[in-house]
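> With the input below, show me the fold.
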Amino acid sequence: MPTTWNRSPEEFHKIYSANTDAFYRVGSFALAKELDEFMTRCALCLWSRGGGISERHVAMANEIYSRNQPRPRWLLWNLTSAVCMDEAFLPPVFFWNLAESDARRGSETSRTFIRMLTNILLYLAAVDDEVSYAEAEYITECTDRLSAICDASGVKKSKIGLNPLDYVTCGEPSFAEKYKPQAQAAGAGATGGQTGEQEEEKPSFEELMARLEALVGLDGVKKDVKNLVNLMKVRTLRRENGLPVPPMSLHMVFMGNPGTGKTTVARLISGLYAAIGVLSKGQLIEVDRSGLVAGYVGQTALKTQEAIKSALGGVLFIDEAYALSSGGENDFGREAIETILKAMEDHRDDLIVIVAGYDGPMEKFLSSNPGLASRFNKYFHFPDYNGEQLMAIFRAQCEKNSYKLTSEAESAAMEMFTALYEQRNDNFGNGRDVRNCFEDMIVRQSNRVAAMEAPGKEDLMAVLPEDLRDAEVQN
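Numbers count the residues shown, from 1 in each chain. So this is what the prediction gives:
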């Protein structure tokens, strides 16, 4: 993130116009005069918190005007005297009206206004090439008060915008450091004496990346996920720094046989995207055809919309997605596809759809609707696990559940999984077959140990060759 912002007043006006125009597209241009006056008052308070008003501030103040509005003609003396009248932040009347209107209509124009205000004030704070703690504190005060109005009015939540805490560039302690004790105290107060159910703590970005790295095999998939996460992080930084971000579809296609880790990777992606701010929640909602398609006309759209609603802020994972297009022209699966396509466009900023299934059927599925293929630009291929990888999965399950393979059982298991891979056919289940082998082993081992007169702890844990299923592979 840059520590200097060497931009001219003309460049600031472009920034101001771009931000206000974006707001007017969802709000009303009739607010232009009031908005410009309000932004000027905020600028005065901001600069006074930062140490005073200079000639450069005057030049910037004269660029605070919306399109088709008169350009101000501030001088240093009258701009300085105006500070005395605007020492505190007061939410404008038009913002209260915006919030009340949003609450009635279910819109979020007032939230858009807060993001616009934050972006403009951050730029103005950096006019002198430095964002001080006091300036960032003022911006936080402004956004907190406006957000409180939205919350009190019942305006729906939206994605968090720019955080002033991240933009302090002077030598003072960072906002995160100054607010950390307060956050800890608030957290202690929130949990102390509460009998309600606490929200489950989400794993950190580092924990999720470690889980990804710990997966057996999938080297190509891991690399693709890391590249995608890095791309999203850079896109977020560019957006926060006012740089253009080219449009990009976030929806994905997972191709591969059953049991190759598609659902596991989808869940990790949803968590990683939430950790870096791309998604607001990061939950994974897994469905198949039965979870989307109903048996009567009109009901499929409602059923699909419910699944989409539960996935907002996270990932909608559609397993065996090709089944939606396999029923012919009059099948209700096509209604589900159309509903999903619309949601992918309407909620493109806070919903990711991942479709998964076998390679061949998925290719046919994507070509079944003209709008499908264009919505997905990232394809992941999940290869079958080889014998060594199947053995690694089996060994991990044994260790997790406190079973110990003898050296003879280790060799027998390796032979079994090598044969399982080499003799695989269309019914090969990869990790699912390993799980079946593990469950069969538990039953056989339990039968053997139950017949012992006084089994000890070591007996309860030991896995012998006879506890494994026959080396003859039955697919």
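
> Which strand or helix spans Leu231?
Using DSSP states H and E, Leu231 falls within helix 219-240.

> what does Arg395 give?
helix 387-400.

> and after that helix, which helix or strand comes next?
By DSSP H and E, the next helix or strand past helix 387-400 is strand 404-405.

> how much space between the closest residue to Arg334 other than its chain neighbours and Asn68?
Among residues not flanking Arg334 along the chain, Ser325 sits closest, at 6.8 Å (CB to CB, 6 or more residues apart in numbering). All C-beta spots, glycine's among them, are computed from the backbone N, C-alpha and C. Distance, Ser325 to Asn68, using CB to CB, to the nearest Å: 50 Å.

> Looking at the two, which has the bigger crowd around it?
Set Ser325 next to Asn68 and count neighbours by other CB atoms under 10 Å: Ser325 wins out with 21 against 7.

> Surely the more buried one and Glu363 touch.
No - counting by CB atoms under 8 Å, Ser325 stays clear of Glu363, with 11.4 Å between them.

> where do the strands sit along this structure?
Along the chain, the segments classed as strands by DSSP state E run 251-256, 284-287, 315-319, 352-357, 376-382, 404-405, 462-463.

> Return the longest one as PDB; C-alpha atoms alone will do.
Going back to what we said before, that points to strand 376-382. Only the C-alpha atoms of strand 376-382 are listed here, as PDB (Å, rounded to 0.1, in the frame of the first residue of the first chain):
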ATOM      1  CA  PHE A 376     -17.600 -19.800 -15.600                       C
ATOM      2  CA  ASN A 377     -14.000 -18.900 -16.300                       C
ATOM      3  CA  LYS A 378     -12.100 -21.200 -13.900                       C
ATOM      4  CA  TYR A 379     -11.900 -24.900 -14.300                       C
ATOM      5  CA  PHE A 380     -10.400 -27.300 -11.800                       C
ATOM      6  CA  HIS A 381      -9.500 -30.900 -12.700                       C
ATOM      7  CA  PHE A 382      -9.400 -33.400  -9.900                       C
END
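
> Quick one: distance of it to the chain centre.
Distance of strand 376-382 from its chain centroid, counting by CA atoms, centre = their mean, to the nearest Å, is 18 Å.

> Next, the buried residues of that strand.
Residues of strand 376-382 classed as buried by neighbour count (16 or more other CB atoms under 10 Å): Phe376, Lys378, Phe380, Phe382.

> Show me what that strand is in contact with.
218, 220-221, 224-225, 228, 248-257, 260-262, 265, 355, 359, 366 (CB atoms under 8 Å, 6 or more residues apart in numbering).

> Just give the strands next to that strand in its sheet, each with its orientation.
strand 251-256 (parallel) (DSSP bridges).

> before we move on, what about the second one?
Strand partners for strand 284-287, identified by DSSP bridges, are recorded as strand 315-319 (parallel).

> what is the mean pLDDT for the strand it pairs with?
What strand 315-319 shows for mean pLDDT is 93.

> again with stretch 227-238
Here the average pLDDT along stretch 227-238 is 85.

> roughly how far is that stretch from the heart of the chain?
Relative to the chain's own centre, stretch 227-238 is displaced by 12 Å; criterion: CA atoms, centre = their mean.

> Show me the contact partners of it.
Defining contact as CB under 8 Å, 6+ apart, one finds that stretch 227-238 is touched by Met1, Met209, Pro244, Val245, Met248, Ile269, Leu272, Tyr273, Ile276, Gly277, Val278, Lys378.

> looking at those residues, which has the most residues close by?
Counting neighbours by other CB under 10 Å, the top entry in the contacts of stretch 227-238 is Ile269, with 29 neighbours.

> Would you agree that residue is in contact with Val315?
Yes - contact criterion CB under 8 Å: Ile269 and Val315 qualify, at 6.7 Å.

> hang on, the earlier thing: need the strands of the chain in CSV (columns: distance to Thr140).
Output for these, formatted as CSV (distance: least, CB to CB, whole Å):
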stretch, distance to Thr140
strand 251-256, 35
strand 284-287, 33
strand 315-319, 31
strand 352-357, 30
strand 376-382, 36
strand 404-405, 56
strand 462-463, 59
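
> residue contacts, Leu366?
Leu366 is in contact with Val253, Leu372, Ala373, Phe376, counting by CB under 8 Å, 6+ apart.

> cool, Asp319 as well?
Lys262, Thr263, Glu286, Val287, Asp288, Ala356, Gly357 are the contacts of Asp319 under CB under 8 Å, 6+ apart.

> Tell me, how many residues neighbour the last one?
Pointing back at Gly357 there. For Gly357, the tally of surrounding residues (other CB under 10 Å) stands at 24.

> can you map out the helices along the stretch 151-300 of the chain?
All helices of the stretch 151-300 of the chain, identified by DSSP state H, counting those that start in this stretch, fall at 175-191, 205-214, 219-240, 262-275, 299-311.

> Those into a markdown table, with extra columns for distance to Arg73?
Below are these laid out as a markdown table (distance: least, CB to CB, whole Å):
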| stretch | distance to Arg73 |
| --- | --- |
| helix 175-191 | 36 |
| helix 205-214 | 50 |
| helix 219-240 | 33 |
| helix 262-275 | 48 |
| helix 299-311 | 52 |
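
> Need the winner for burial among these.
Each of the helices of the stretch 151-300 of the chain was scored by mean neighbour count; the highest is helix 262-275, a mean of 22, by mean count of other CB atoms under 10 Å.

> quick check: domain ranges of the protein?
9-183, 205-382, 387-467 (automatic domain parsing).

> where among those domains is the average confidence lowest?
Least confident of the domains of the chain, judged by mean pLDDT, is domain 9-183 with a mean of 79.

> Find the residue closest to Ala134 in space, skipping its chain neighbours.
That would be Arg49: by CB to CB, 6+ apart, it lies 4.5 Å from Ala134.

> and the one you found, how many neighbours does it have?
If we define neighbours as other CB under 10 Å, then Arg49 has 19 of them.

> just to revisit the earlier point, mind listing the shared neighbours of Ile269 and Val315?
Shared contacts of Ile269 and Val315 (CB under 8 Å, 6+ apart): Ile352, Ile354.

> Surely Asp384 touches Gly431?
No - applying CB under 8 Å as the test, Asp384 and Gly431 come out as separate, 10.0 Å apart.

> Nearest to Glu11, out of the strands of the chain?
Of all the strands of the chain, it is strand 376-382 that lies closest to Glu11, at 32.8 Å by CB to CB.

> That closest one to helix 219-240, inter-axis angle?
Following axes from the mean of the first three to the mean of the last three CA atoms, to 10 degrees, one obtains 150 degrees for the angle between strand 376-382 and helix 219-240.

> how many degrees apart are strand 376-382 and helix 262-275 in direction?
Angle, strand 376-382 to helix 262-275, by the same axes, to 10 degrees: 130 degrees.

> Compare Asp384 and Gly431 (neighbour count), which wins?
Gly431 (21 against 16).

> from what I can see the more buried one touches Ile393, true?
Yes - Gly431 is in contact with Ile393 according to CB under 8 Å; the separation is 5.8 Å.

> okay, and the common contacts of those two?
Both Gly431 and Ile393 are in contact with Tyr385, where contact means CB under 8 Å, 6+ apart.
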